[in-house]
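Visitor: Model the structure of this input:
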Amino acid sequence: MIDRDDWTVRDGHPYDLSGRLRIGALVGMLLLTAAYVSVLYEITTVVGESRRLLAVVAVALLVATILAPIVEPRRAATIALALLGGGLGYYVLTVPIPGGLLDSIVSMIGDTLALLTGLTVLRMTEVGLWAVCFAPAPVFLSWYLTLHRQYATATVVGGVTLSIFVLTGDAGTLTTLLGVVGAAAAIGAGDLDAHGATLPEADVLAIVLATMIAVSLLVSAVPGGEAQPLTPDVEGERQTMEESVVTADEQRSVGGPVELSPEVRFTIQSEEAGDGDTPLWRTNAYDRYTGDGWVQSGDTVDYSGELDPPESDSESVVQEVRAETDIGVMPALWKPTDVAGTQTQNVQVTPAESFAPTQPLSAGDTYTVYSERPTPSEEALVTADNEDVSIDEEYTSLPDDTPDRVGEATEEILNDTDAEGPYEKAEVIESWLMENRGYSLDVESPDGDVTDEFLFEMEEGYCVYFATSMATMLRTQDIPTRYVVGYSEGQRVSEDEWVLRGTNAHAWVEVYIEGEGWVTFDPTPPSDRVSTADEVVEEAREDGDEDVDTEESAALDGDEWTPTPDPEENRTDDDQESGDGPEINQTVDEAVAPGEGEVVHRDEELLGGGDIDDPGDFDLDEFEGDEPGLDIERVGAAVALMIGIAAGVRRSGAASAAHQTVVMRWQRARGTPDEDAEQAFRRLSYLLALEYRERRRGETVSAYLSSLDRLGLDDRAHRVAEIRQRARYGDGIDRAEAEEAIAIVDDLVEEHGGLVTMMRERIGQGG
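Guide: Below is the predicted model:
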């Protein structure tokens, strides 16, 4: 009869865990699937297709489970290809490209190649539809193969899918690590399951997993990469406003503190630019709000001729632009229609109809840009209702997880006024933000939705926060809006010349008005913004920094050029009220009434006088920011690495060798004679396993020792076994017999060759 309590049966011959390893492989594949599906879910959450995505993923898993026992792998692969081809075919037919089906297919292939070089999937115009069409094939095939115990092939399918999103930068660190864990578990546990592995062999999983995580953490740069928030680096250095706002990236994140660069970027000459409102030099615009930033959907194309003019009446403005440093943007007044100069052959047009160089401009490069500046009818702006507006729904869409209180707060603000129509509502929101939020470059990165944080958790921010919040608030009212970046007016050094510095990097909003096109709004408090920028430039001048001035700006000695006063600008309030129409920009206590285009000064105050602490029925005091917590990604990676290192040590035999050497070398403090005999036998068993072999499962002690006799077992080992046998199953032993057993084992250990030799031999045998 086998002694089930014998330690050699339990520890020397481990239990068979093939069934548990099978479960581990299934769980691993589910983790890998969850990794790339979570990326698709985040994408569809932004565009409002998350429910459809979860539905098709659930159906794909169910169909794979049903078909696994009855369909051969070849047919399953055919089904997967049909799902992929059918899905992408449906996408191509649903989102046609001008030029026909062939152009649509070529465009989709080009988009795919571009994505793999680091462009986020969110740039695709119908990304929600694409995600729903793409997901079923890899989910179905990888789960089917897993159920068929073809773990390696299943992991390849899931791994390639996840890799696509790693290359596009849509898969973050935690998501990638989740996929790595799943892949390692699926391959490792599946392979061990297929070969009937046992528990000690399962530590290979931990070693492989730790290695994969270590490699993924060592790869500091992948194409594209996840868009990084604007936070200080480890040394406390900040990004400049220019880097975070103006650069011609397709994706913009909203983050923490930034600083201003006082260096000159452009000089612009234009006789007509000063005839209108304060100029804003536009470089790009973004249509897709993600909750923590903006993405520009659509394709950038090569410039091939004059662009369409704006929908409203317009006036021509010619701008001669000179780059004063190497830079990758081409600022221009809205709406640019044509460009000429030395860089024309290297110009592209963004989806938001801005010009952008294919290669950065060099200092001294010049170009001429022709713009048609909109001059919309003031009455038309006021009376437009957007009921018949035809524009991409992307300009009104918000992520599914946008907090409801953002829309509720916006509704409350508007209800406290008589604003009707998109233009009036935009005026109200613009004024409310100016009056109720302060300006500061030193802010913490938002933890959740940017607008929600800015409205309910923050008291101040910079232009990115103001523009993002205004665009989001208007979208909750189904008013088409987009986020715009570029440079503010800059320093006017003469009647027809402006100097743009890094301090002028700016973000604002464009609102679509039916029949009039895109109308500019700037909710950032202008006086605070300008004074902050001026302080930075003045400090740089005092410090003797280079590239802060041109000859023209230096000649002004920090002063602003002042135009000759226009008598029309000195009209009295009475004169102004009797004019032809309302001002486009009003203060917070004014709003434009519909009707005959006259200005009505409202007595009611917005939200109780515009007090940020009294937003109608909303109690902001109950919303408190969370304290900084642990970095879950780093903690998880560290734990996995430590487990892997421990498993590696175990796999190498180092830990076991050290433990066994200690046990063999030293007898613990004396206990009862029977206990001492038991420990002496345990020490002997370690020694015999090292020198000969371990005792097999179900093998009795006497049979084990007899088998070793043929290999030259010392007779003294039989004496130790005899003493231990009587101690455990007989009437017990006395102290003299216990000491005899201890002394025999001490002698055998000493004769084996010493502590270091035993450790080396043990490690060399691989545990």
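Visitor: pLDDT weak spots in the stretch 651-767 of the chain?
Guide: Counting by pLDDT under 70, the ranges of the stretch 651-767 of the chain that qualify are 651-670, 753-767.
Visitor: I'd guessed V548 sits against R265; true?
Guide: No. Taking CB atoms under 8 Å as the definition, V548 is not a contact partner of R265, at 11.4 Å. No exception for glycine: its C-beta is placed from N, CA and C like everyone else's.
Visitor: Comparing the two, which shows the higher neighbour count?
Guide: Legend: neighbour count by other CB atoms under 10 Å for V548 and R265, higher for R265 (27 against 23).
Visitor: and the end-to-end length of stretch 43-58?
Guide: Its first and final residues considered, stretch 43-58 spans 17 Å by CA to CA, to the nearest Å.
Visitor: buried residues in that stretch?
Guide: I43, T44, T45, V46, V47, E49, S50, L53, L54, V56, V57 (16 or more other CB atoms under 10 Å).
Visitor: Among the residues you listed, which are located in strands?
Guide: Per DSSP state E, strands hold no members of the buried residues of stretch 43-58.
Visitor: just to revisit the earlier point, overlap in contacts of V548 and R265?
Guide: R501 (CB atoms under 8 Å, 6 or more residues apart in numbering).
Visitor: what residue ranges in the stretch 501-650 of the chain are flagged as low confidence?
Guide: 557-560, 563-650.
Visitor: and the longest helix for the protein?
Guide: The helix spanning the most residues in the chain, taking DSSP state H as the definition, is helix 18-47.
Visitor: now for that helix, which elements pack on it?
Guide: If you count contacts as 3 or more CB pairs under 8 Å, 6 or more residues apart in numbering; DSSP states H and E, helix 18-47 packs onto helix 50-67, helix 127-134, helix 136-147, helix 151-168, helix 173-194, strand 288-289.
Visitor: try it again with 6 Å
Guide: Counting contacts by 3 or more CB pairs under 6 Å, 6 or more residues apart in numbering; DSSP states H and E, helix 18-47 packs against helix 50-67, helix 127-134, helix 151-168, helix 173-194.
Visitor: rank the ones you listed by mean pLDDT and give me the bottom one.
Guide: Across the helices and strands packed on helix 18-47, helix 173-194 has the smallest mean pLDDT, namely a mean of 77.
Visitor: other SSEs contacting that one?
Guide: helix 18-47, helix 151-168, helix 203-218.
Visitor: Nearest to T94 among the helices and strands packed on helix 18-47 would be which one?
Guide: helix 127-134 (6.3 Å; CB to CB).
Visitor: Quick one: list the elements packing against the closest one.
Guide: Under the contact definition 3+ CB pairs under 6 Å, 6+ apart, helix 127-134 sits against helix 18-47, helix 50-67, helix 73-94.
Visitor: which residues are in contact with that helix?
Guide: Contacts with helix 127-134, where a contact means CB atoms under 6 Å, 6 or more residues apart in numbering, come from 40, 43-44, 47, 49, 52-53, 56, 87, 90-91, 121, 124.
Visitor: ok now the helix or strand encompassing L687, how far from the chain's centre?
Guide: Per DSSP states H and E: L687 is located in helix 673-691. How far helix 673-691 lies from its chain's middle: 57 Å, per CA atoms, centre = their mean, to the nearest Å.
Visitor: C-alpha coordinates for it, CSV please?
Guide: C-alpha atoms of helix 673-691 as CSV (Å, rounded to 0.1, in the frame of the first residue of the first chain):
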residue,chain,number,x,y,z
PRO,A,673,13.9,11.2,18.9
ASP,A,674,11.1,10.3,16.4
GLU,A,675,11.2,13.9,14.9
ASP,A,676,15.0,13.8,14.6
ALA,A,677,14.9,10.5,12.8
GLU,A,678,12.3,11.9,10.4
GLN,A,679,14.4,14.9,9.6
ALA,A,680,17.5,12.8,9.2
PHE,A,681,15.7,10.6,6.6
ARG,A,682,14.5,13.8,4.7
ARG,A,683,18.1,14.9,4.5
LEU,A,684,19.1,11.5,3.2
SER,A,685,16.4,11.6,0.6
TYR,A,686,17.6,15.0,-0.7
LEU,A,687,21.1,13.5,-1.0
LEU,A,688,20.0,10.3,-2.8
ALA,A,689,17.9,12.3,-5.2
LEU,A,690,20.9,14.5,-6.0
GLU,A,691,23.3,11.6,-6.4
